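1. Just a sequence and a predicted model for now, questions to come.
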Amino acid sequence: MASQLYPILLKILDMKRRDFNRILASIPFLAPAVSDAASHASYKPKGVLVETERFASKGGWVVDSQFFQQVGGNYLLAHGMGTPVENARTEVEFSEGGDYQLWVRSKNWCVGGWEAPGRFQVLLNGKSVGKTFGEQNVEEWGWENAGKVSVKTGTSIVELKDETGFAGRCDALYFTKDSSEPLPNTPVELIQWKDYLSGRATAPVSTQTFDVVIVGGGIAGCGAAIAAERNGLKVALLQDRPVFGGNASSEIRVHTEGIHGKGGDILERLDTKWWPNSSPESVLDDQKRHRAMDEAKGIEQFLNYRACGVEMDGNSIATVDARKVGSGEIYRFAAPTFIDCTGDGWLGFWAGAEYAYGRESKNKFNEGWDKYGELWSPSKPDNRVMGSSVMWTAKPETYASGFPEVPWALPVAKTYTSVDSEWFWEFSSDDLHQIDDGEKIRDHMFRAIYGTFYNTKQDPSHATLKMTWVAHILGKRESRRLVGDYVYTMNDAIKKRQFKDTVVEETRAVDVHYQKSLKGYIVDFISEAMFWRLQPEDSLYYLPFRTLYSKNIDNMMMAGRCFSCSHIGLGGPRVQNTTGQMGIATGYAAALCKKYDAQPRDIYKKHIKELRKMVGYDDMVA
C-alpha cells in the first residue's frame, strides 16, 4: 500500500541519518518528494484533512508537540486529571456535499482488560458520529473508521468530546468519498501526506539569517542567547513550547540547582527560587525569565517553533528548519554558528554528530564504584540512563471529593500511596528509549500518578484531598550525549581536574539515579540517588570548553545535558544552573566566532584566553 502511494519513499532506505530525519520532518526537503508522489497515478487523495493541532478552539484539550517525530504530527490531548475537558471545536469547509467516510487517527494508550482510559467522541454539527474512539486493541497510533457521514456544501462544525479526562488523544480526521483510499500511518508517510493535502508542501519557504541560531529555550538556551546578544549578535532562539525554562518552567516545575559560577549576572534572571518541586510558584519564575528575555532586544524569540531538520554544507550546518506548532508551517534559519540546547541533542543528531547513549563500561573511563557496583557503572555497556519525571500536586479542600476508578492504572501503581510528587518520581527502563519511546514513558507515569492518587483517596483521612495539577510534558534527565573534543568523566570531577579552557565550574556531588525496583521495590517509577560527594563538599570542579562543541560538526556547539560527557560524568553538572553556565560560555564563544570568522574549535585553539576572560576568569588556569 505504501509503495503504491509513495514510491519516492523507497529511496529513504539508502539515505544517511541526517537526510532521513530531514525527510521525516522538514517540508522544504519534502516538497520535491511530495511533488513526485503527487504526480504518480495512484496518489490522488480526494478527501478533506483536519489536523487537530489546527483546531480554532482547543477547549480544554492541549497541543502535545513533544513527540512529533515519533507520532507523525502534533496532537490534541484531553488532559483533565479524571474530569472530562471542554470540547475542542473547529470549522471545516466542504466544497462538495454528500456522503463521506470519516477516519479518525487516535490511540488507545493503555490496552488491557478494562475500559480504555482515553475514550472520546467526534461530533459533526453537534451530533455524535456514532462511534467511541481511542478503544483500539493495539497500543499504537492508527486510523479508526467511523463509517459514513453526510455533510452539506459549505461549513460544518467538528468537535472532539472527551469522555474521561484521562489523556484521550487525536491527531487528525479525514473525510473521503473513496471508501477504499489507503491512508498512511508511519511518520514519514503521514507527514508527507499531510503536507500535500494541507498545501504546505508547495508553499514558499523564506530563510531568515542570524549571527547565531540557538535551538532549545531551557536555562542553557536562554543563557546562551543573552550572552550572545550582550555581545552584539543577532540571535534566533527557537523553543518548541510556549514558555522558556525547560525543566524549570511551569510546565514541568523542577527548581534550579547548582551554582551560578561566573554567570550570576545572567543566571539570577533565569533561575528559580528554591521552591518544592512541582510548586505553582514556578509561574512567577516564568514571568521573571520572560521579562529578562524580552529586555534582550537582539534576541528574536520563536516560541512554539519545533526544529525538525537541518541542511548541511559539508561538515557544517547551513540551515535549521522548524515547524510552527499549531499550523505546521515551515520556517528556515541560517547562521554561521549553531548551538544545540535541545537536551536530546536533536540538532547534532540530524547533522550526523557523533553521540553516546546509555552507560559505558566502568572500565572505559575508570568510573567504577564498589559501593554500588553495577547500579553505578556496569561491567558491560548497556542502554540504561537516568529517567524522566512527570510531576503532580494535590491539596486538601474544605469539602470531600471523589476520584474515578482507574483499573488500568493499578498494575503500575499497585498499592503505592502518596499525597504529592518529588524528583524521585522517575521512570527509566532498559527496554525503553528516552527519546524514541518518550510517549510510552510519559504514559507509564500517568498510570503511576493516577493509580497512586486513587489508592491515596481510599483512605478516609484524604477525603478532601484534590488533585490540582499534573504535568503532561516529560522532565528528562538524560538521553543523547553529543561527543566533543573532550569527554567529561567522573574522574574530572572527583579529582578536581583543572583545564586551560575551563569555562564552567560546579560544587555539587556526582549524582546518578537508579530505579528502586532493581532492588525489589514494590513499584518501578520511584528512583534512588547515589552521591559521590567531593571532599570538602564545597570543592569546585571544572568543565572545559572542549566539551561544548561537536567533535565532527564544525560549526555546532552544545550546552545542557547533551554536552560531551560520560554517563557518570553527567551526574554532577547536569543541573540547570550549571547547564546555564554552559550556555553562557557558548553564547560568548559565538560572539568570538563572528569576531574572528572562526569555528568553535578555533576559539579553543587560538582565542581561549579571550573566551575565559569574557566568562569571568583571568588568564590563569581556573
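-> That came in fine, so what should we check first?
2. What's the local residue count around the closest residue to residue 616 other than its chain neighbours?
-> What sits nearest to residue 616 in space, not counting adjacent residues and going by CB to CB, 6 or more residues apart in numbering, is residue 262, at 3.0 Å. C-betas here are computed from N, CA, C, even on glycine. Under the neighbour criterion other CB atoms under 10 Å, residue 262 is assigned a count of 21.
3. now residue 460
-> Counted by other CB under 10 Å, the residues lying close to residue 460 total 7.
4. That one and residue 400, how far apart?
-> In this view, residue 460 and residue 400 are 9 Å apart by CB to CB, to the nearest Å.
5. The stretch 251-400 of the chain: strands as residue ranges?
-> Residue ranges of the strands in the stretch 251-400 of the chain, as given by DSSP state E, counting those that start in this stretch, are 299-303, 305-313, 316-324, 330-334, 337-340, 355-356, 388-389, 392-396.
6. ok, and which of these has the densest surroundings?
-> strand 337-340 (a mean of 33; mean count of other CB atoms under 10 Å).
7. which residue packs closest to the residue nearest to the spatial centre of the chain, ignoring adjacent ones?
-> Relative to the mean C-alpha position of the chain, the nearest C-alpha, by CA atoms, centre = their mean, is the one of residue 66, at 4.5 Å. Once flanking residues are discounted, residue 66 sits nearest to residue 473: 6.0 Å by CB to CB, 6+ apart.
8. Let me see the contact set for the one you found.
-> 66, 241, 251-252 (CB atoms under 8 Å, 6 or more residues apart in numbering).
9. One more pass at 6 Å, please.
-> Residue 473 makes contact with 66, 251-252 under the criterion CB atoms under 6 Å, 6 or more residues apart in numbering.
10. On the pLDDT front, check it for me.
-> Residue 473 is assigned a pLDDT of 98 by the prediction.
11. Show me the shaky parts of this structure.
-> Under the criterion pLDDT under 70, the flagged ranges of the chain are 1-45, 620-622.
12. swap the cut-off to 80 and go again
-> Low-confidence segments of the chain, defined by pLDDT under 80, span residues 1-46, 619-622.
13. Would you mind giving the domain segments of it?
-> Segmentation of the chain into domains, based on automatic domain parsing, reads 1-44+181-204, 46-177, 207-361+478-615, 388-470.
14. Pick the most buried one from those domains.
-> With a mean of 22, the top stretch among those by mean neighbour count (mean count of other CB under 10 Å) is domain 207-361+478-615.
15. What is the burial count for residue 386?
-> 25.
16. Hmm, it is touching residue 478, no?
-> Yes. Under the contact definition of CB atoms under 6 Å, residue 386 touches residue 478, with a separation of 4.3 Å.
17. re the thing from before, turn the strands of the stretch 251-400 of the chain into a markdown table, columns for distance to residue 469.
-> Supplementary listing: those in a markdown table, determined by distance: least, CB to CB, whole Å:
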| stretch | distance to residue 469 |
| --- | --- |
| strand 299-303 | 21 |
| strand 305-313 | 24 |
| strand 316-324 | 27 |
| strand 330-334 | 32 |
| strand 337-340 | 30 |
| strand 355-356 | 34 |
| strand 388-389 | 14 |
| strand 392-396 | 5 |
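18. Looking at those, spot the one closest to residue 202.
-> strand 330-334 (11.5 Å; CB to CB).
19. Counting by contacts, list what that closest one packs against.
-> In terms of contacts (3 or more CB pairs under 6 Å, 6 or more residues apart in numbering; DSSP states H and E), strand 330-334 is packed against strand 207-209, strand 316-324.
20. how about the ones you listed, which one is nearest residue 330?
-> Across these, closest to residue 330 is strand 316-324 (CB to CB), at 5.7 Å.
21. Could you work out which of the strands of the stretch 251-400 of the chain reaches nearest to residue 101?
-> Evaluated with CB to CB, the strands of the stretch 251-400 of the chain place strand 316-324 nearest to residue 101, the distance being 28.4 Å.
22. angle of that closest one against strand 299-303?
-> Angle, strand 316-324 to strand 299-303, by axes from the mean of the first three to the mean of the last three CA atoms, to 10 degrees: 50 degrees.
23. residues touching the closest residue to residue 260 other than its chain neighbours, list them.
-> Nearest residue to residue 260 in three dimensions, chain neighbours excluded: residue 267, at 4.5 Å (CB to CB, 6+ apart). Contacts of residue 267 were listed using CB under 6 Å, 6+ apart, and they are 260, 577, 580.
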